[in-house]
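>>> Here is a sequence together with a model predicted from it:
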Amino acid sequence: MAELYNDHKSMYIDGVWRASNHQDLLDVINPATGSAIAELSYGGVDEAMEAVEAAARAFGAWKLTTARTRADMLLEASRMLLKRAEEIGYVLAVESGKRLAEAVGEIKFAAEYFRWFAEEARRPEGAYIPNEVQNKRHWTRAQPAGVALCLTPWNFPVSIQARKLAPALAAGCTVVARPSQKAPLSVIEVFKCLEEAGFPHGVVNLIHGPAVSTTEAMMGHPAVRVVSFTGSTAVGQSLVKSSARQLQRLALELGGNAPFIVFDDADVEKAVEGAMVAKFRNNGQSCIAANRIYVHDSVYEEFVTRWAATVSRMKLADPVTNPQSDLGPVIDDKARQQLRVLADEAIAGGARPIHPKLQHPDDGFYLSPLLLENVPPDTTFARAELFGPMSPIFRFSDEDEVIKLANDTDMGLAAYVYTNHAGRGARMTEALEYGIVGWNNALPSVAFAPMGGWKQSGLGREGARIGMEEFQEVKYVSQEL
Ligand SMILES: NC(=O)C1=CN([C@@H]2O[C@H](COP(=O)(O)OP(=O)(O)OC[C@H]3O[C@@H](n4cnc5c(N)ncnc54)[C@H](O)[C@@H]3O)[C@@H](O)[C@H]2O)C=CC1
Ligand SMILES: O=C(O)[C@H](O)CS(=O)(=O)O
């Protein structure tokens, strides 16, 4: 792997791959082994501002390209990602600890976003407004907002960049992307695909550097009109403050705290299968992961027994050297330690594990999956976004009780409900205060649906037509004949 990045030319600015002016290098670590796999050239504010200036220069011509021109390039980018899915998936798995099959699936999911917005770029938009004065005419249209910042986390680095880059470019914006320093290599490969797809110099730019100083500087530039961020709520809140200077438009996809609810009229076997996906996808490090599990009293024992048996069969191992593994490591030792502390605190308060610990390699950042019952409701374990392979499980006895429990959080990204009763399903999907609800479905994520959160889980939506509107300004034209 290191040989792929030995030239340290990890930044793509104004159509040129280049190393940092500062010669700073940052190790990229494989979470499965704890060892460095590559050195990342790590820039500074100067490179970030060079990228913004390049994007600002390119915007004038890019915004005037035809929808077909933009669509063709987006479609070519999609084709390139699909062609290289195995190769880029391998890079993603090694730098993130994600299971290889999931990593390849993420690259294909990213390709879907480029395909969807290639098609969306060519769809009609705007409105002709019936006039109320004989000699006047009124209509609206959308135009690209300007330079867009695409700032992303480490857990789905490729698909989350894609769901920002694709709509921004389709809308006619130019972009500056800054991925997380914890998983930057796969995003470098995405930009190689964009370069091959023929995006003109300055239209797409990729930087790496200190998050706070580079983002703060870029958001101070008047050409930056949209800031699309995915990450923790705390950082999202800080960006809201930073956006005040230039009054940028914000698209924020932030933290989650998903309830996973199983009713007495659910198919318990399917509910367990769904919980395994919703909990352990990406080793539990997903903003839409099942974070709190609620099971109706009458099926609690059956659910817990099935869950314990299923988890006990899981293989916790290096996801690249053991492609058959069911679970890999968490991103780093800091995350692992934080989760251990929260679990120990809950157990000290009387919580009980419902299945045995799994064996795992000594090196790397492995954490045995953990489902705790009898968790004191006031513990952090019961209330926080855990972002790892662990959850509390609670009993409930009726619908009103579990709706209250499920909604008792400042977050509102995803929620899951398992019931085969149509009326109950309709009532629950209405009552749950979340932007995404999976009904007997643990994997709601698609490119053609609007993904986003209520309350402190964010602002705006990604995917679907609305995903492109985040990067557009509406113009109203009024004509006197
Ligand atoms: N709503 C969604 O779709 C998703 C939300 N997330 C959330 O992200 C968090 C985990 O991802 P992390 O990368 O650890 O989040 P994070 O918020 O620490 O970092 C996200 C990105 O922002 C950068 N960053 C960190 N501090 C910053 C600051 N003060 N100013 C500007 N940029 C800053 C990081 O380098 C990274 O590139 C969880 O809370 C998770 O729920 C993660 C994925 C998807
Ligand atoms: O970071 C995440 O958790 C992703 O947003 C999940 S998904 O939307 O790609 O499924």
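Looks like it came in fine. Ligands and ions are numbered 1, 2, ... in the order given.
>>> Without its sequence neighbours, what residue ends up closest to residue 202?
With sequence-adjacent residues excluded and distances taken as C-beta to C-beta, 6 or more residues apart in numbering, residue 202 is closest to residue 58, at 3.0 Å. C-beta: built from backbone N, CA, C; applies to glycine.
>>> Which residues are in contact with the one you found?
Counting by C-beta atoms under 8 Å, 6 or more residues apart in numbering, residue 58 makes contact with 14, 174, 200, 201, 202, 203.
>>> Beta-bridge partners for residue 26, please?
Residue 26 forms beta bridges with residue 40, as assigned by DSSP bridges.
>>> correct me, but it touches residue 42?
Yes - between residue 26 and residue 42 there is a contact under C-beta atoms under 8 Å: 4.4 Å.
>>> State the helix or strand in which the residue positioned nearest the centre of the chain lies.
For the chain, the residue nearest the mean C-alpha position is residue 160 (4.5 Å; C-alpha atoms, centre = their mean). Applying DSSP states H and E as the criterion places residue 160 in helix 157-171.
>>> Give me the contact status of that helix with ligand 2.
Yes - using C-beta under 6 Å from any ligand atom, helix 157-171 reaches ligand 2 at 159, 160.
>>> Now do the lengthiest helix in the chain: distance to the chain's middle.
If you go by DSSP state H, the chain has its longest helix at helix 100-120. The chain centroid and the centroid of helix 100-120 are separated by 13 Å under C-alpha atoms, centre = their mean, to the nearest Å.
>>> residues of that helix that come out buried?
By 16 or more other C-beta atoms under 10 Å, the buried positions in helix 100-120 come out as 100, 102-107, 109-118, 120.
>>> For the helix holding residue 160, which helices and strands make contact with it?
helix 67-83, helix 85-96, helix 100-120, strand 147-151, strand 174-178, helix 185-197, strand 224-230, helix 464-469 (3 or more C-beta pairs under 8 Å, 6 or more residues apart in numbering; DSSP states H and E).
>>> With residue 193 as the reference, measure out to residue 117.
Distance of residue 117 to residue 193, computed by C-beta to C-beta, to the nearest Å: 15 Å.
>>> And residue 25, by the same measure?
According to C-beta to C-beta, residue 25 stands 24 Å off from residue 193.
>>> of the two, who's got more company?
Taking other C-beta atoms under 10 Å, residue 25 and residue 193 do not tie; residue 193 has more neighbours (23 against 15).
>>> Am I right that the more buried one is in contact with residue 80?
Yes - Residue 193 is within contact range of residue 80, at 3.8 Å (criterion: C-beta under 8 Å).
>>> Up against ligand 2, what does the protein have?
Proximity of the chain to ligand 2 is confined to 155, 156, 159, 160, 286, 287, 288, 445, 451 under the rule C-beta under 6 Å from any ligand atom.
>>> Turn these into TSV, columns for pLDDT and distance to ligand 1.
Listed next are the residues of the chain next to ligand 2 as TSV, based on pLDDT from 0 to 100; distance: C-beta to the nearest ligand atom, whole Å:
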residue	pLDDT	distance to ligand 1
155	98	5
156	98	6
159	98	9
160	98	6
286	98	7
287	97	3
288	98	7
445	98	9
451	97	7
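>>> mind listing the strands for the stretch 301-450 of the chain?
For the stretch 301-450 of the chain, applying DSSP state E, counting those that start in this stretch gives strands covering 352-353, 370-373, 390-396, 411-412, 414-418, 436-439.
>>> Tabulate the CA atom coordinates of the longest one in PDB.
C-alpha atoms of strand 390-396 as PDB (Å, rounded to 0.1, in the frame of the first residue of the first chain):
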ATOM      1  CA  MET A 390     -22.300  -2.300  21.500                       C
ATOM      2  CA  SER A 391     -25.800  -1.300  22.600                       C
ATOM      3  CA  PRO A 392     -28.100  -1.400  25.600                       C
ATOM      4  CA  ILE A 393     -31.300  -3.500  25.300                       C
ATOM      5  CA  PHE A 394     -34.500  -2.600  27.100                       C
ATOM      6  CA  ARG A 395     -37.900  -4.200  27.600                       C
ATOM      7  CA  PHE A 396     -41.200  -2.300  26.900                       C
END
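>>> Put the alpha carbons of stretch 80-96 into CSV.
Extracted in CSV, the C-alpha atoms of stretch 80-96 (Å, rounded to 0.1, in the frame of the first residue of the first chain):
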residue,chain,number,x,y,z
MET,A,80,-14.8,4.6,-13.3
LEU,A,81,-15.8,3.9,-9.7
LEU,A,82,-17.6,0.7,-10.7
LYS,A,83,-14.6,-0.4,-12.8
ARG,A,84,-12.3,0.2,-9.8
ALA,A,85,-14.6,-0.9,-7.0
GLU,A,86,-12.6,-3.9,-5.9
GLU,A,87,-9.3,-1.9,-6.0
ILE,A,88,-10.6,1.1,-4.2
GLY,A,89,-12.6,-1.1,-1.8
TYR,A,90,-9.4,-2.8,-0.8
VAL,A,91,-7.8,0.6,0.0
LEU,A,92,-10.9,1.6,2.0
ALA,A,93,-10.9,-1.7,3.9
VAL,A,94,-7.2,-1.4,4.9
GLU,A,95,-7.5,2.2,6.0
SER,A,96,-10.8,2.0,7.9
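>>> So is it next to ligand 1?
No - figure legend: stretch 80-96 not in contact with ligand 1 (C-beta under 6 Å from any ligand atom); closest approach 10.9 Å.
>>> Just the buried positions in the strand or helix carrying residue 236, please.
Using DSSP H and E, residue 236 falls within helix 233-242. By neighbour count on 16+ other C-beta under 10 Å, the buried set for helix 233-242 is 233, 235, 236, 239, 242.
>>> How about residues contacting it?
For helix 233-242, using C-beta under 8 Å, 6+ apart, the contacting residues are 151, 215-216, 219, 227, 229, 250, 252, 254-255, 411, 456-458.
>>> same thing but 10 Å
For helix 233-242, the external contacting residues (C-beta atoms under 10 Å, 6 or more residues apart in numbering) are 149, 151, 153, 211-212, 215-216, 218-220, 227, 229-232, 248, 250, 252-257, 287, 385, 410-411, 413, 453, 455-459.
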